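Peer 1: Predicted structure and sequence below. I'll ask about it afterward.
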Amino acid sequence: MEEKIKEYVVNFIAPRLEGDGGWVEFKGFDGRILSLRFRGECSKCLILSRCADWIREMIKKEFDLDVKVDCERKRPYFQDV
Amino acid sequence: MAHIKVQRRSMRPEEWTDLRFNWLKRHIYSYQSEIDCLEIRDARQTGENSYEFYSDSYRPLHRGDMYFTPDGTAFIRGRVSVPHEIRDKKVCLKLKTAAEITVKINGKYVGGVDPNREKINIYPYVSLDEPLEIEMVGYNRSKPDDERNPESLSVRGCRQIFEGCYFVVVDEQIQSLVYDFETLINIRDSEDFDEDYRHFLTKELNSAMNLVSFDDDGSVSGAEEAGKYIEKNIYENKTYKGSGKVALVGHSHLDIAYYWRRIHAVQKNMRTVLIQLRLMDEYPELKYTHTQPYLYETLEKYYPEIFEELKEKIKSGNFEPVGAMYVEPDCNIPSAESLIRQCYYGQKTYKRMFGFRVNSAWLPDVFGNSWILPQILKKSGVDYFVSNKMSTWNDTNRFPHNSFIWRGIDGSEVIASVPPTHFITWNEPSQIADNWNAFEDKDTGEETLNMFGYGDGGSGCTEEMLELYKREKRLSVMPEINIEGGKEYLEKNLEATKDKLETWDGELYLEMHRGTFTTKSLLKKLNRKLEYKFRNAELLSVLSGQDNQSEIDSLYKLFLINQFHDILPGSHIRPVFEDAVKDLEKIDSSLDKIISSTGDENYFNTLNFSRDEVEFVEDENGNTERLGKNGFFTSTGLASLTGGKIENRNTDDYYWFSTSGGKVKTPYYEIIFSPDGSITSLTEISDGRQWADGEFNKIKLFDDRPGNYDAWDILPNYRDKEFSYDVKEKLSLKFADSESAEFSCVLKLKNSEWKRTVRIFRRSRGIEVEENVDWHEKHVLAKSEFNVNILARKARADLTAGFTERDTSSNTSWQKARFETCFHNWADISETGAGLAIITESKYGIGFDKNRMSLSLLRSTERPDVISDMGKHDFCYLIYPHDKGFDESEINKKALIYNVPLVKTDAVNNILPSFSPLYIQCVKRSDDGSVVVRLSEQDGRRGKVKLDRHVRILNMLEDDMKAETDEIDYSPSEIITLSLPNPEKRA
């Protein structure tokens, strides 16, 4: 399942976030917690939790699986605007 | 830990006014009825007008629901009736949103909402007595670019909360009072206005607001009295005087791609146009300027109904196409021919659509402008040039003019306007006053130009801006203001004062965004390659008698779109890069097909001079490899515009060079290499001259953290911190034959591996360097540096139709600021009788400092593209020491041979004179089937070319004959377009 979830994050979720200047990377899935690393615009998004909810909903829809999304923000070293 | 500043004091009068002003805004709508039957269907845009949907059906959409998805488009619909009690009123639709939404009711486009406007007047467009079929399409702008609007900042993000959609009726008295206060509070708080007047406003606004009663039952009264008070005591007060004259020009700058893909610009443009058309219905005084013929084409194609309406508004003088260029391109990196085509296709499109051309280049946001532009503009029917960037973004020097004559490299002149303030403003009094105060050419006595309107899908001017304008016009403290068209402003002011204007003779260098010459290396490489491939394809099509100009035209237009000023410079998100590469690869293969359709038996020289220089000839059976292709090095000697068979006659005999005692001896040089591929000594065999004076061909890695505009900027202090690297494999001889020899080494960087190959030649003074890099550094700028044993205060840099001289000293702040500059095929540093050129096939950024030439190779930025430039890069450059002076060394020819490869073709019939010593920029078919030739003088000379026939000298739009002659008079850096009548018959 981890591979399937990873593939879904890479091929479905990530391109959509990239379309908004965001960036997400798959870190791991332990059967319950999906760990993601957010970069780009996502790293400073004030409402990232809403996006995490959407990812959770999409995974539920695609795999009929309840997951918890754990978000790590990787903020680059430049001015936050 | 962050701390909130706590102020323990009683409220000041102006704060008390502001507080009540916010209360007042709660009462703008006298009636509000929620539309609670809406449905939504989430989608994602996949093409210019195509979508993939997340579900087969709509779902209900209620206030408080989450809507929009990342990179999402939402389709919202509903069938509803207007409540009976307001059907005789001016009913509006209200929807507060962070997205950009267009609204259609009963099949009619009624308008749009976005973060800058929440209300659409629907009463003029639909019958309120009939049921309304509402259809909305929205694109979520998670990264609004008008971040100066604080309200849009607070709502950005991919997922939004639906705040409800309503029928509303506006309380016009309160709305008007709100606009009064908005205008006057802005003046009260602005240091651009007289202190006494601001004090006066503080007092009078408090008095006016005292007439308004906010009752505990939630109602408000006294708005009429407050309005009358303001009328009498403020608007009618003429005691305080302002100064200046400001022309307000409605405009919405639109990036074709940036934090969104090109496909999204189709709808962004449509929404902007629609909203401006609707605003013109309500405010006939609005004059709005709109650029980029490409965008008009998308409107015509996908939204013909709006396009027809647009044409009517052009006729009425409200909507004004401006800007002759097809898109707003980068104006540093594209070649002369590309910039000419921007004008050619742009003007042609306007002419076809509207029956006229425009006389302006409208480029508010481009990152500096090449010195070759004035001539190109002038010969494309453009008299005026407009660009804001130099006045508002320069990081070191204040550009000294706002209105001036811009003199080009060839001496052509256009009238230029660099407005004093930004191109996105929202018509606040303080912005207008700031514009006038910053205007540097007040002594001309004319108006200054202030563009107003939100950009990038923020959809231009708003009702609020026009209401503010009405009020500002009545205030004696304001500059004299008028809403004007772009052409109107330019002709009325600049034409009238042109004799008083000062002249700027040079490029319009932007002292910022210097990294854009280098960011996204692959785009730059494909750009250079395709510019010359277009040249070859068009020329060979003509010479082989094929007529595929219409196919080439559409490929050219796609190419020009990808030269947009946030595409080619590399300042965009990842999907934009992927789209661009896809487009460029498609163009590449299409041009290959066109070229190969002319045959593949022989090699052909498309240059109009003989190829007397060693070059790489692609051949799958070749014995060496360069940039991933097999081939061999030879000097073909192919004459101008001729073809022939070229065979690989190279042998294993490599005794033309020797290696001993750590020295490599060639017919030209004695070279001492370092293990990292750099050169510690480069001695001329003939006279013992030393070319190197310190690090030479040395890879340098610098900490590259501009802090803010990551993809855009290299900071002046970039040399402060340098990184070292190891040599994994020392330089050693890897290949040799009778023409060339290769030495290579491998460098190990922190996260990258870098292979360097240095080539020496039996019959060329050139030393070629090929870099194959697997690049994974972050925030590192890689350069190759050459400390040359030359004393020169000027270096030369190619502009593709002439060259410019750049200072190598930094005595002044202007010289210092140009620590990184743009060049094209070559850069050269020479003293009398000798010099050294760096010739490249894909690089555009270089710095000159004393005798150091610092060639920028790679960057590794993270914003807006997290993985920008990561991965493999292969590129070459040629070090070319010349033992004669620059004038005699034919660097242009050598650089063109380096950049314009031989093509495989046959059955071509040369119908052209050679035109030597001019260079052929292009040979193409014109619309009437005649053959058009574009020539350029690039060596800085003046002279005549006698031809064997009569030709017609044309403008660059190919439709205005200037002369018919068999002798071309040319002057330095001149570009000449001519047509050859019936060349085929002659041949």
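Peer 2: Right, received. Where do you want to start?

Peer 1: Just to check, A:Tyr8 is in contact with A:Ile59?
Peer 2: Yes. Using Cβ atoms under 8 Å, A:Tyr8 is in contact with A:Ile59, at 7.0 Å. Using the backbone N, CA and C atoms, a C-beta is placed for each residue, glycine as well.

Peer 1: out of these two, which sits in the busier spot?
Peer 2: More neighbours surround A:Ile59 than the other of A:Tyr8 and A:Ile59, with 22 against 19 (other Cβ atoms under 10 Å in any protein chain shown).

Peer 1: roughly how far apart are that one and B:Ser610?
Peer 2: Separation of A:Ile59 from B:Ser610 (Cβ to Cβ, to the nearest Å): 66 Å.

Peer 1: Compute the number of surrounding residues for the nearest residue to A:Lys6 once chain neighbours are set aside.
Peer 2: Excluding the flanking residues, the one nearest A:Lys6 by Cβ to Cβ, 6 or more residues apart in numbering or on different chains is A:Phe26, at 4.6 Å. Under the neighbour criterion other Cβ under 10 Å, A:Phe26 is assigned a count of 18.

Peer 1: CA atoms of the host helix or strand of A:Phe26 as PDB?
Peer 2: Secondary structure from DSSP states H and E places A:Phe26 in strand A:22-29. Taking C-alpha atoms only, strand A:22-29 is exported to PDB below (Å, rounded to 0.1, in the frame of the first residue of the first chain):
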ATOM      1  CA  GLY A  22       3.400  24.600  -4.000                       C
ATOM      2  CA  TRP A  23       5.400  21.400  -3.600                       C
ATOM      3  CA  VAL A  24       4.800  18.200  -1.700                       C
ATOM      4  CA  GLU A  25       7.100  15.200  -1.200                       C
ATOM      5  CA  PHE A  26       6.200  11.800   0.100                       C
ATOM      6  CA  LYS A  27       8.100  10.900   3.200                       C
ATOM      7  CA  GLY A  28       6.400   7.700   4.300                       C
ATOM      8  CA  PHE A  29       3.200   5.900   5.100                       C
END
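
Peer 1: Tell me the secondary structure of B:Thr804, please.
Peer 2: strand (DSSP: H, G, I helix; E, B strand; the rest coil).

Peer 1: That one touches B:Trp371, doesn't it?
Peer 2: Yes. Between B:Thr804 and B:Trp371 a contact is recorded at 5.5 Å, counting by Cβ under 8 Å.

Peer 1: okay, and the common contacts of the two?
Peer 2: Both B:Thr804 and B:Trp371 are in contact with B:409, B:506-507, where contact means Cβ atoms under 8 Å, 6 or more residues apart in numbering or on different chains.

Peer 1: filter those to the buried ones?
Peer 2: Among the shared contacts of B:Thr804 and B:Trp371, those classed as buried by 16 or more other Cβ atoms under 10 Å in any protein chain shown are B:409, B:507.

Peer 1: just the shared contacts of B:Thr804 and B:Trp371 now: which is nearest B:Phe452?
Peer 2: Closest approach to B:Phe452 among those (Cβ to Cβ): B:Glu507, at 28.8 Å.

Peer 1: which residues touch the residue of chain A found nearest chain B?
Peer 2: Chain B sits closest to A:Gly19 of chain A, with a gap of 2.8 Å, by Cβ to the nearest Cβ. Contacts for A:Gly19 (Cβ under 8 Å, 6+ apart) come out as B:44, B:70-71, B:260-261, B:573, B:575.
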